[in-house]
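Undergrad: sequence first, predicted model second:
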Amino acid sequence: MSDTEGMDGLAVTACERCSDLVESRSRIVNGDGPADAAVLFVGEAPGATEDAEGKPFVGRSGDVLDDELRDAGLARADVRITNCVRCRPPENRDPTSEELANCRPYLEREVELVDPEVVVTLGKVPGEHLLGRDVAVTSETGSVERVDLGGEPRDVLVCLHPAATLYDRSQAEAFTRTIEKAATMAGGSGGQSRLGEF
Ligand code: URA
């Protein structure tokens, strides 16, 4: 399937496929979290904080996600988080279809290696990129579709972007339910293993 040259295990170490992004990025932001995580979250692209720190979802959206993960019994350290595109787009614009396509082999390889129980798309861009169709995230959050990804059919759980809950508090409840569903689909391992500590 894929052209993963420039990838070392799960990390892309060198890539110049997207001329705009080579200019706008400070660094390549690879996925973060256990290489065998049961849940793989997929966002759109790194923002300014992610570009500065070199990790996905470490800005305000990351704080929202971390809080919800904790409430659902899934520590951030238990899950893997990555993006459709690993370099920050200029002015935080959406990645183009060409940029998404250029980065896709890396994402496919990451899914293949991590082999998660569930892939959770955070927001419209990753939802549409992985489902290959238009997605109305607000109404579809919490729905699951079987998709060929990383070499085999996998469950993809559509989810709102965490930032949506900052702009619109009415979306917070749906976001919480979807993260809870992700935890259940992952076997509730985060919550159960931590309960076992007490
Ligand atoms: N939003 C994303 O889609 N990805 C990040 O890494 C941060 C914010």
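TA: Structure's in. What do you need?
Undergrad: for the rest of this, base every contact and every neighbour count on C-alpha atoms.
TA: Noted.
Undergrad: please name every helix or strand in contact with the longest strand along the chain.
TA: Ranked by residue count, the top strand of the chain under DSSP state E comes out as strand 152-159. In terms of contacts (3 or more C-alpha pairs under 8 Å, 6 or more residues apart in numbering; DSSP states H and E), strand 152-159 is packed against strand 118-122, helix 124-131, helix 137-140, strand 144-149, helix 172-185.
Undergrad: let's see it at 7 Å
TA: Here strand 152-159 touches strand 118-122, strand 144-149, going by 3 or more C-alpha pairs under 7 Å, 6 or more residues apart in numbering; DSSP states H and E.
Undergrad: who in the chain is up against the ligand?
TA: The interface of the chain toward the ligand, taken as C-alpha under 6 Å from any ligand atom, is made up of 43-47, 50, 56-57, 61, 83.
Undergrad: and those residues, which are buried?
TA: Buried members of the residues of the chain next to the ligand, scored by 16 or more other C-alpha atoms under 10 Å, are 43-47, 50, 56-57, 61, 83.
Undergrad: ranges for the strands of the protein?
TA: Going by DSSP E, the chain shows strands at 7-8, 11-12, 39-43, 80-83, 118-122, 144-149, 152-159.
Undergrad: can you put those in CSV and add distance to Leu69?
TA: Converted to CSV, those look like this (distance: least, C-alpha to C-alpha, whole Å):
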stretch, distance to Leu69
strand 7-8, 29
strand 11-12, 24
strand 39-43, 11
strand 80-83, 12
strand 118-122, 12
strand 144-149, 19
strand 152-159, 13
